[in-house]
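1. Next come a sequence and a model predicted from it.
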Amino acid sequence: MKKSILFISLVFFCLNTSAQKFIQLAKTPPMGWNSWNKYGCNVSDTLIMGMADAMLSSGMKDAGYEYIVIDDCWQISRDENGEIVADKDRFPQGIKYVADYVHSKGLKFGIYSCAGNKTCAGRPGALGHEYQDARTYARWGVDYYKEDWCNTGTQDAKSSYSNMRDALFAAGRPIVFSLCEWGSNKPWEWAGEVGHLWRTTGDIVDTWNIMIGIFDQEKGLAKYAGPGHWNDPDMLEVGNGGMTNEEYKTHFSLWCMLAAPLIAGNDLQNMTQETKSILLNKEIIALDQDTLGKQGFCYRDNGDYEIWIKALSNGEKAACLLNRGDETKSLLVDFDLLLNAKDDYWTSDKYKIENYKVRDLWEHKYLTVKGMSKAVDIAPHSVKVYRFIKK
Ligand code: GLA
């Protein structure tokens with residue numbers, strides 16, 4: 001009897017510690033860079049290594065970005081043993097060489113494949129090679145693995161991705177697992193035990209309408225996210241040219257309110273000052289990376305005007321006021337109301353506004369709030385982001 005209790009406790013202990021280790025890999029939403037949004041299939045070792053250099057020289061690494069991820073098109077075939085083969089023209093020294101370079105910069109390295117037999121760009125997929133590929137990636141030093149969902153036919157998403165998770169575990173290297181099945185099978189309901197992040201929608205495109213349309217689909221998903229498992233509304237388009245700087249500020253703020261993975265998708269080697277001031281806004285990034293790990297929720301939806309609230313550690317909070325319309329919005333903002341905004345799954349006591357300072361995270365200034373309200377103008381397609389900071 002005693003022996004069996006000991007055995008069961010041991011099993012629980014092991015399960016617990018491996019679950020803990022799994023969570024540790026993405027205690028806060030992953031931050032990095034991925035080749036797809038800007039470069040598509042045009043990837044090469046010089047591009048990837050150049051981005052690793054730029055990650056350091058631009059200050060991105062200091063701001064918390066750590067993964068450099070090669071998306072589709074690095075792979076070209078499988079050899080006679082079924083081993084995945086990199087495109088020799090683009091990666092003449094192989095993938096491990098690039099991974100080693102990325103590591104030598106103090107960064108982490110990520111790679112892409114697909115759960116089907118072919119990737120979305122028609123390159124060899126992982127189907128039937130999961131364990132073999134996981135071992136290869138572990139040998140190359142992969143730290144982050146994104147798996148797509150093209151050409152999967154009748155495959156079941158949960159079992160396909162669980163199989164790959166087991167393969168990654170078996171390969172023995174800690175690897176962040178990014179599921180990319182576009183929200184087709186409601187991954188938020190099952191992927192928390194399978195991977196660290198899961199796409200919730202189709203692909204982002206560098207336009208205001210598509211970006212805000214993706215954002216709309218995140219409503220109601222907050223309760224599924226937390227340390228080790230994040231909703232992923234897709235990678236960032238900041239700096240890619242299809243939106244105004246004001247819209248990019250909004251895009252970035254909204255992603256941070258959502259505790260979304262922050263995977264930049266622009267040319268890090270040639271960033272304007274405006275792009276840098278967005279991607280490197282540490283006060284906004286701090287909302288995303290807050291250790292409480294709560295995704296923000298929509299507190300008020302008044303059509304063109306929305307209020308989003310995010311709980312932060314240490315009893316602090318962030319509020320994002322979003323003007324989706326084409327005209328400036330002039331508002332009287334009630335900060336006491338924002339501070340005490342609740343979602344139905346929160347059980348918090350009343351917060352006292354007099355115990356907090358209010359900071360504007362784009363102006364980088366504390367507000368002087370006389371009484372509890374303040375007149376505020378919000379430009380079209382723009383946001384105001386406030387943090388309630390304990391005095
Ligand atoms: C899908 C994914 C994208 C990207 C491409 C690559 O569309 O959703 O993020 O990885 O495939 O082909």
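-> The structure has been received and is ready for your questions.
2. what's the closest residue to Gly50 other than its chain neighbours sitting at in phi/psi?
-> Closest residue in space to Gly50, ignoring its immediate chain neighbours: Gln269 at 5.8 Å, by C-beta to C-beta, 6 or more residues apart in numbering. Where C-beta positions appear, they are placed from N, C-alpha and C, glycine not excepted. When read as degrees, to the nearest 10, the backbone of Gln269 gives phi -80, psi -20.
3. what do you get for Asn151?
-> Dihedral angles (degrees, to the nearest 10) for Asn151: phi 50, psi 40.
4. Now do the same contact list for the residue of the stretch 201-350 of the chain found nearest the ligand.
-> Taking C-beta to the nearest ligand atom, the ligand has its nearest neighbour within the stretch 201-350 of the chain at Asp203, 4.7 Å off. By C-beta atoms under 8 Å, 6 or more residues apart in numbering, the contact set of Asp203 is Trp182, Asp234.
5. and it, which of the three is it?
-> Three-state assignment for Asp203 (DSSP: H, G, I helix; E, B strand; the rest coil): coil.
6. Could I get the pLDDT score of it?
-> Looking at Asp203, its pLDDT is 98.
7. just Trp362 next, same as before
-> In this model, Trp362 is scored at 98, pLDDT.
8. wouldn't it be in contact with Val385 here?
-> Yes. In this structure, Trp362 is within contact of Val385 by C-beta atoms under 8 Å, at 6.1 Å.
9. and those two? which has more neighbours close in?
-> Set Trp362 next to Val385 and count neighbours by other C-beta atoms under 10 Å: Val385 wins out with 27 against 18.
10. Enumerate the residues of this protein near the ligand.
-> Contact residues, the chain versus the ligand (C-beta under 6 Å from any ligand atom): Trp36, Asp71, Asp72, Tyr112, Thr119, Cys120, Ala121, Asp148, Cys180, Asp203.
11. can I get those residues in JSON lines with distance to Ile263 and secondary structure?
-> Formatted as JSON lines, those follow (distance: C-beta to C-beta, whole Å; DSSP: H, G, I helix; E, B strand; the rest coil):
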{"residue": "Trp36", "distance to Ile263": "9", "secondary structure": "helix"}
{"residue": "Asp71", "distance to Ile263": "10", "secondary structure": "coil"}
{"residue": "Asp72", "distance to Ile263": "14", "secondary structure": "coil"}
{"residue": "Tyr112", "distance to Ile263": "12", "secondary structure": "strand"}
{"residue": "Thr119", "distance to Ile263": "18", "secondary structure": "coil"}
{"residue": "Cys120", "distance to Ile263": "17", "secondary structure": "coil"}
{"residue": "Ala121", "distance to Ile263": "18", "secondary structure": "coil"}
{"residue": "Asp148", "distance to Ile263": "14", "secondary structure": "strand"}
{"residue": "Cys180", "distance to Ile263": "11", "secondary structure": "coil"}
{"residue": "Asp203", "distance to Ile263": "13", "secondary structure": "coil"}
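12. which of these lies closest to Thr28?
-> Lowest distance from Thr28 to the residues of the chain next to the ligand (C-beta to C-beta) belongs to Cys180, with 20.0 Å.
13. Now do that closest one against Asp156, distance only.
-> Cys180 is 16 Å from Asp156, where distance means C-beta to C-beta, to the nearest Å.
14. Same question for Asp326.
-> Per C-beta to C-beta, Asp326 is found 44 Å from Asp156.
15. And for Asp206?
-> Look at Asp206 and Asp156: by C-beta to C-beta, they are 33 Å apart.
16. So for the chain, which residue is the most central one in space?
-> What sits nearest the mean C-alpha location of the chain, by C-alpha atoms, centre = their mean, is Pro261, with 1.0 Å.
17. ok, Ile307 - how many residues close by?
-> Ile307: 19 surrounding residues under other C-beta under 10 Å.
18. Might you report the residue contacts of it?
-> Ile307 neighbours (C-beta under 8 Å, 6+ apart): Cys298, Tyr299, Arg300, Ala319, Cys320, Leu321, Leu322, Leu338, Ala341.
19. Just put those in JSON lines and tack on neighbour count, secondary structure and pLDDT.
-> Listed next are those as JSON lines, based on neighbours: other C-beta atoms under 10 Å; DSSP: H, G, I helix; E, B strand; the rest coil; pLDDT from 0 to 100:
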{"residue": "Cys298", "neighbour count": "19", "secondary structure": "strand", "pLDDT": "96"}
{"residue": "Tyr299", "neighbour count": "16", "secondary structure": "strand", "pLDDT": "94"}
{"residue": "Arg300", "neighbour count": "14", "secondary structure": "strand", "pLDDT": "95"}
{"residue": "Ala319", "neighbour count": "23", "secondary structure": "strand", "pLDDT": "97"}
{"residue": "Cys320", "neighbour count": "26", "secondary structure": "strand", "pLDDT": "98"}
{"residue": "Leu321", "neighbour count": "21", "secondary structure": "strand", "pLDDT": "98"}
{"residue": "Leu322", "neighbour count": "26", "secondary structure": "strand", "pLDDT": "98"}
{"residue": "Leu338", "neighbour count": "23", "secondary structure": "helix", "pLDDT": "93"}
{"residue": "Ala341", "neighbour count": "19", "secondary structure": "coil", "pLDDT": "90"}
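20. Between which two of these is the distance greatest?
-> Most distant of the contacts of Ile307, by C-beta to C-beta, are Leu322 and Ala341, 14.1 Å apart.
21. Excluding chain neighbours, what is closest to Val238?
-> Leaving out its chain neighbours, the residue that sits closest to Val238 by C-beta to C-beta, 6+ apart is Tyr248, at 4.5 Å.
22. er, Leu292 actually
-> Ser313 is the one closest to Leu292 (C-beta to C-beta, 6+ apart), at 4.2 Å.
23. so what's that neighbour scoring on pLDDT?
-> On pLDDT, Ser313 comes in at 95.
24. any idea how far Trp140 is from it?
-> Per C-beta to C-beta, Ser313 is found 36 Å from Trp140.
25. Those two: which is more packed in?
-> With neighbours defined as other C-beta under 10 Å, Ser313 and Trp140 compare such that Trp140 has more, 18 against 10.
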